[in-house]
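1. What follows is a protein structure lacking sequence information:
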């Protein structure tokens with residue numbers, strides 16, 4: 001069983017500075033991109049916290065997008081999941097995915113059929129092991145590595 005944890009929504013630039021100070025090696029372009037999106041777009045960012053320690057963070061956004069059948073779907077897109085290095089391989093990333101899926105499935109206001117996720121090439125296996133599949137390659141983003149768009153159909 002995982003340690004007790006909770007999520008705290010990130011609502012301003014100071015919250016991002018707190019995350020950045022937690023791990024100086026965290027890609028500044030990535031976090032600055034998230035700050036810009038948070039302030040200018042309708043995304044939700046959360047910190048995962050246990051015993052006053054930030055374990056990681058994630059960002060999600062509701063989107064309406066054409067998928068395989070040229071039909072437009074309401075879906076949730078995971079812009080990023082980042083677990084700090086010393087807490088990886090303990091199940092926290094999987095727990096975040098499970099919590100997002102549970103929340104999406106139990107949303108009484110909207111119906112969602114898919115979850116999309118941005119993945120770095122080196123983290124694609126994490127999503128594959130959690131029931132996602134490849135959708136398509138994205139163009140090179142404003143970070144050093146390529147991103148892959150993954151999807152999962154909800155039951």
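-> Nice, I can see it. Owing to the predicted nature of the structure, the values given are computational and were not obtained by experimental measurement. Numbering: from 1, shown residues only.

2. any idea where the helices of this structure begin and end?
-> When assigned using DSSP state H, the helices of the chain occupy the ranges 13-22, 28-40, 92-105, 124-129.

3. Mind telling me which of those the model trusts least?
-> By mean pLDDT, the lowest-scoring of the helices of the chain turns out to be helix 28-40, with a mean of 64.

4. surely residue 83 meets residue 58?
-> No: in this structure, residue 83 sits apart from residue 58 without contact. The criterion is Cβ atoms under 8 Å, and the distance is 9.0 Å. C-beta here means a position set from N, CA and C on the backbone, and glycine is covered the same way.

5. Mutual contacts of those two, please.
-> Common neighbours of residue 83 and residue 58 are listed as 48, 96 (criterion: Cβ atoms under 8 Å, 6 or more residues apart in numbering).

6. Residue ranges in this structure under the pLDDT threshold?
-> Scanning the chain with the threshold set as pLDDT under 70 gives 1-2, 20-21, 23-40, 136-145.

7. at 80 what do you get?
-> Applying pLDDT under 80 to the predicted model, the residue ranges of the chain that meet it are 1-3, 12-42, 68-70, 108-109, 136-147, 155.

8. List the buried residues of the longest strand anywhere in it.
-> Taking residue count as the measure and DSSP state E as the definition, the longest strand of the chain comes out as strand 53-66. Taking 16 or more other Cβ atoms under 10 Å as the neighbour-count basis, strand 53-66 is seen to contain the buried residues 54-61, 63.
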